[in-house]
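>>> only geometry, no sequence info:
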């Protein structure tokens, strides 16, 4: 079975790729479970060498905003697509045209390419809780309307409507997941306004000091990379009939204050690790984070079998096991 | 002041054009009220001769799916845009690619052209209550999520997100209105599944017999063309600050059963007119209409000053005065 991951060189794309290459089975258009015999990783950059060197892997670098390029990636042989490629929040806000090109046109190109396949492929689309914003209820529920207040969120919301409509038309068999903040992200800090939520765990556990721009009481709605990869596979395997008229949903996460994150850090790295965290207020980051929804009631996703992490200790432990000890990006 | 109406040859576009040509004033980018000194009507066809011959009117026929064409219509001199052009529900459902080209790409071309103007223009975008569908609450409220179950509805929902995001970015000053079914539509029946709601009034008042495919108890959420044109102007004139973080809303209408429509018909045309209506069930039309939302609580639009018709008698009377006696399309 031939699977395509867009954004295949990103940290989640690579973790998903490793999981598939280790033998995770997926349901094909024939309704049977298959191992992945060919895995196309499409991104602007190449994935880590251990993935790229696997004989089942085909690496394609290019611009998802270019229709011909995407048509060359999602070929007739593709049976399933995980569409993770995106310009993230800060990037899409700084460059509106780039966000529209990658997040809207790119998604449309992927879905249009899928539409031409011999059988409607399962398409797992990464949306975001950034579809919520502005005046929100105290707790986000399944029937809370999407009111994005960033271009990234607006582009993801539009992508969801394409996934839903093209699924309704029978062009694809889509599933759209609104991701919580994924923590602990391995690698280096990026420009996301949430990057500190990973940094305050990742850096101290490697002996580096780190600045925390928000207060100890600040909360985040988070999910571990490990659970996220499980959720990608779970979403892929759900029967279409279980999804009903709306293919999009937000995923269960846990709402954790910074103070609790640091307690978990202490358990994993001792007081020395916690001492590496300095609180250095950043008004801009605080303002952005204050606008994010933090409390969710993910009734629908839970009823469909998606799972949050049990607690933040578990999230830190997963990072130590999956990333720190293996020292992979 | 130069104003552009896309879909300017449609029945609403022409009614709006006549209103503007009669001297309705609009607020320009300078914050002052102006008469319309130039009116560009863009559509696939030309408007009626009485409009086209007005010296202030420029008629442009062409494809809104073509970016260069739209750039040639929304030129630097344009101060306001009413974006009405669309492939309607049945058309977008029958031809997915055409719907995406006109309703999504076309809207994006219009907004992108507006973005390049010297000052952010007021843009009034016609969305639709077709953004609702599937499992809906008994009464649609302002916080009911968009869950379109037609390609037309999905494309309109995506258009709303573009209008909202580009307004938030300061590229345009947008206002998106979700229209009820506009009744009584002059002219000929079209292929919309709601066309009978106009036909059962229009045809008998002209002495023609007509088939009604739904039951006397079937309800529709309707607004007259007269009130709709007033709503376009009202939406244009609303201060941006009154709209807050969401530029989209559904408009007040009245929910009327067919039986009440026929009572109004009787008042206007006597029993002879009502006798022209034959109930001829159409299972397909009934199924489609049964999926439409019919009860709304338009609290937000009402608070912003939008008005429904007082009753269906008034709607029929408006048709008689505006269309039947003038015999214009």
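Sure thing, it's come through. Bear in mind the structure is a predicted one, so any value in this text is a computation, not a measurement.
>>> run a quick neighbour tally on residue A:237.
By the criterion of other C-beta atoms under 10 Å in any protein chain shown, residue A:237 has 16 neighbours. For every residue, glycine as well, the C-beta is placed using N, CA and C.
>>> what pLDDT does the closest residue to it other than its chain neighbours get?
Spatial nearest neighbour of residue A:237, excluding adjacent residues (C-beta to C-beta, 6 or more residues apart in numbering or on different chains): residue A:27 at 5.7 Å. pLDDT for residue A:27: 95.
>>> equivalent analysis for the one 3 residues further on, please.
If you check residue A:30, the pLDDT there is 86.
>>> find the closest residue to chain B in the stretch 201-329 of chain A.
residue A:245 (3.6 Å; C-beta to the nearest C-beta).
>>> hang on, that residue packs against residue B:149?
Yes - using C-beta atoms under 8 Å, residue A:245 makes contact with residue B:149 at a distance of 6.3 Å.
>>> shared neighbours, the two?
Shared contacts of residue A:245 and residue B:149, defined by C-beta atoms under 8 Å, 6 or more residues apart in numbering or on different chains, comprise A:168, B:133, B:134.
>>> neighbour count: residue A:245 and residue B:149, which is higher?
Taking other C-beta under 10 Å, residue A:245 and residue B:149 do not tie; residue B:149 has more neighbours (21 against 13).
>>> in chain A, which ranges drop under the pLDDT threshold?
Applying pLDDT under 70 to chain A picks out residues A:327-329.
>>> write out the residues of the stretch 51-200 of chain A neighbouring chain B.
Contact residues (C-beta under 8 Å from any C-beta of the partner chain) of the stretch 51-200 of chain A with chain B: A:96, A:133-135, A:143-149, A:151, A:154, A:157-158, A:161-162, A:164-165, A:168-169, A:171.
>>> can you rerun that using 7 Å?
Taking C-beta under 7 Å from any C-beta of the partner chain as the contact definition, the stretch 51-200 of chain A meets chain B at A:96, A:134-135, A:143-149, A:151, A:154, A:157-158, A:161, A:164-165, A:168-169.
>>> narrow the residues you listed to just the buried residues.
Neighbour counting with 16 or more other C-beta atoms under 10 Å in any protein chain shown marks A:96, A:143-149, A:151, A:154, A:157-158, A:161, A:164-165, A:168 as buried within these.
>>> got a list of what the residue of the stretch 201-329 of chain A closest to chain B touches?
Applying C-beta atoms under 7 Å, 6 or more residues apart in numbering or on different chains, we find residue A:245 in contact with B:134, B:135, B:147, B:149.
>>> mind listing the helices for the stretch 1-150 of chain A?
Per DSSP state H, counting those that start in this stretch, the stretch 1-150 of chain A carries helices over the ranges A:11-21, A:49-52, A:67-73, A:89-94, A:96-99, A:106-115.
>>> also the stretch 201-329 of chain A?
A:225-237, A:258-274, A:283-290, A:299-303, A:312-319.
>>> in the longest one, what counts as buried?
When burial is assessed from 16+ other C-beta under 10 Å, helix A:258-274 yields the following buried residues: A:258, A:260, A:261, A:262, A:264, A:265, A:266, A:268, A:269, A:273.
>>> surely the last one is in contact with residue A:204?
Yes - with the criterion set as C-beta atoms under 7 Å, residue A:273 and residue A:204 qualify as a contacting pair; they are 3.9 Å apart.
>>> where do the contact lists of the two overlap?
residue A:265.
>>> reformat the shared contacts of residue A:245 and residue B:149 into a markdown table and put distance to residue A:124 next to each item.
Formatted as a markdown table, these follow (distance: C-beta to C-beta, whole Å):
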| residue | distance to residue A:124 |
| --- | --- |
| A:168 | 17 |
| B:133 | 23 |
| B:134 | 21 |
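>>> out of the residues you listed, who's nearest residue A:321?
Of all the shared contacts of residue A:245 and residue B:149, residue A:321 sits closest to residue A:168, with 40.8 Å by C-beta to C-beta.
>>> I'd like to know how far that closest one sits from residue B:149.
Applying C-beta to C-beta, to the nearest Å, the value for residue A:168 to residue B:149 is 7 Å.
>>> just residue A:50 next, same as before
Using C-beta to C-beta, we find residue A:50 at a distance of 45 Å from residue B:149.
>>> repeat that for residue A:301.
21 Å.
>>> next: residue A:162.
Separation of residue A:162 from residue B:149 (C-beta to C-beta): 14 Å.
>>> and what of residue A:212?
For residue A:212, the distance to residue B:149 - C-beta to C-beta - is 45 Å.
>>> got it, and residue A:238?
Counting by C-beta to C-beta - residue A:238 and residue B:149 are separated by 20 Å.
>>> okay then, goodbye and thanks.
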